[in-house]
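Enquirer: could you work out the structure for the sequence below:
(one chain, ligands or ions: 1)
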Amino acid sequence: MNELLRQLLFLPEQRSSLAREIDGLHYFVILVTMGGAALITLIGGYFLIRYRRRPQDTPRPHPGAFARPALFLETVSLFALGFLFLTFWTIGTRQFADLRTAPDDALDVYVTGKQWMWKFGYPGGDREISVLYVPAHRPVRLIMTSRDVIHSFYVPAFRIKQDVIPGRYTTAWFEANEPGAYPILCAEFCGTSHSEMRGQVIALSPVDYERWLAGGLASAPAFAQKAAAEAENELAEAEPTMPSRGELAAAKHGCLRCHTLDGTPHVGPSWAGLYRAVVPLESGGERVADEAYITESIMDPLAALHRGFPPVMPSYLGQIAPPDVAAIIELMKSLRDVPHGPDVPWDGGVPGSSVTPEGVAP
Ligand code: CUA
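Expert: Next up, the predicted model:
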């Protein structure tokens, strides 16, 4: 019955712990209202024929004078309808409370919506764009905000949809009941590429999730890699501006693990206000951070190292495609007027697997 109605109503698979219950209410409301509509149509049709005007009928002067209210019938119908709506309301309120209240042991993931992509931040420091990796069979709480306009985080397979609002945090939670890849949509019109603001939730079995945490995408199962590649392609199509492509490339290549975009001190120089700035070198002297210097620093980071920063960046020669380099430079240009902040020595250690001693260029 559930399966039949689900397909009749073109609903996606039920892949969260609450999905089936929510669909149950959906079916109940749809069946009752469709049944009611059919009943009224049938009765109306019957009256239409039964009381049609016949040739021998004479018009009555005041039709209202002949109507007698069916007090009992009307009272019963009103109370029955009221009861029915209260039933909808009671079930709906209970489900709403369940949907709003994440279990205490939920895994927190931070979600940022922006035109036109979804970004995910994990408490462990990992960051992802477009692809949200979660363990199946475990509640996940999303703490969401927007960087620009109102978006709406919508995962049809989980039956969750929540507005994401600039300057405010909203939350939603779900528990995927089966590993798989489930589309994320934006359900609030947010500009030109609203319809392309998509992503994927990739629910991994607990074992695969641990593996992903330890080793990244390479150790995730094939379906997850395929879904992630699709999400990335979609994103590239949806991202029309060079700086946003640059941000994407920078995230993909792990640049953002050491370089910040807002002037916050970190392992490497912040990209805020860096373009065309005069950079003091470790070896003495200085360079202007133009296209040539930036490209050189990506390919051979130690050749002209920024003074005060540890020599830990690996060479990206042959690792990064020229269009990505161009996009990253455009990103830096777009950050030219963001205050750079102090170049203070970083003492928080070197995070992430991308910065290993072996990776350092000679
Ligand atoms: Cu974001 Cu529509």
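Enquirer: from the contact counts, what lies against the lowest-mean-pLDDT helix or strand in the chain?
Expert: When the helices and strands of the chain are compared on mean pLDDT, DSSP states H and E, helix 222-238 comes out lowest with a mean of 76. When contacts are defined as 3 or more Cβ pairs under 8 Å, 6 or more residues apart in numbering; DSSP states H and E, helix 222-238 sits against strand 131-135, strand 180-186, strand 199-204, helix 242-252. Quick note: C-beta positions are derived from backbone N, CA and C, even for glycine.
Enquirer: contacts for it?
Expert: By Cβ atoms under 8 Å, 6 or more residues apart in numbering, the surrounding residues in contact with helix 222-238 are 116-117, 129-131, 133, 179-181, 193, 196-200, 202, 204, 208, 212, 217, 220, 245, 248, 252.
Enquirer: ranges for the helices of the stretch 1-150 of the chain?
Expert: Assigned helices in the stretch 1-150 of the chain, in chain order: 2-8, 19-50, 71-100 (criterion: DSSP state H, counting those that start in this stretch).
Enquirer: now the ones you listed as JSON lines including mean neighbour count and mean pLDDT?
Expert: Supplementary listing: those in JSON lines, determined by neighbours: other Cβ atoms under 10 Å; pLDDT from 0 to 100:
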{"stretch": "helix 2-8", "mean neighbour count": "12", "mean pLDDT": "90"}
{"stretch": "helix 19-50", "mean neighbour count": "12", "mean pLDDT": "94"}
{"stretch": "helix 71-100", "mean neighbour count": "11", "mean pLDDT": "94"}
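Enquirer: up against the ligand, what does the stretch 51-200 of the chain have?
Expert: Within the stretch 51-200 of the chain, the residues that sit near the ligand (Cβ under 6 Å from any ligand atom) are Gly113, Trp116, His151, Cys186, Glu188, Phe189, Cys190, His194, Met197.
Enquirer: one more pass at 8 Å, please.
Expert: Residues of the stretch 51-200 of the chain found near the ligand, taking Cβ under 8 Å from any ligand atom as the criterion, are 113, 115-116, 149-152, 164, 186-191, 194-195, 197.
Enquirer: among these, name the ones in strands.
Expert: Residues of those located in strands (DSSP state E): Gly113, His151, Ser152, Val164, Cys186.
Enquirer: I'd say the third one and Phe189 touch.
Expert: No. Under the contact definition of Cβ atoms under 8 Å, Ser152 does not touch Phe189, with a separation of 9.2 Å.
Enquirer: so what's the residue nearest to Asp105 when sequence neighbours are not counted up against?
Expert: Counting by Cβ to Cβ, 6 or more residues apart in numbering, Pro139 is the residue found nearest to Asp105 once chain neighbours are left out, at 6.7 Å. Neighbouring residues of Pro139 by Cβ under 8 Å, 6+ apart: Ser17, Ala102, Pro103, Asp105, Ala106, Leu107, Trp173, Phe174, Glu175.
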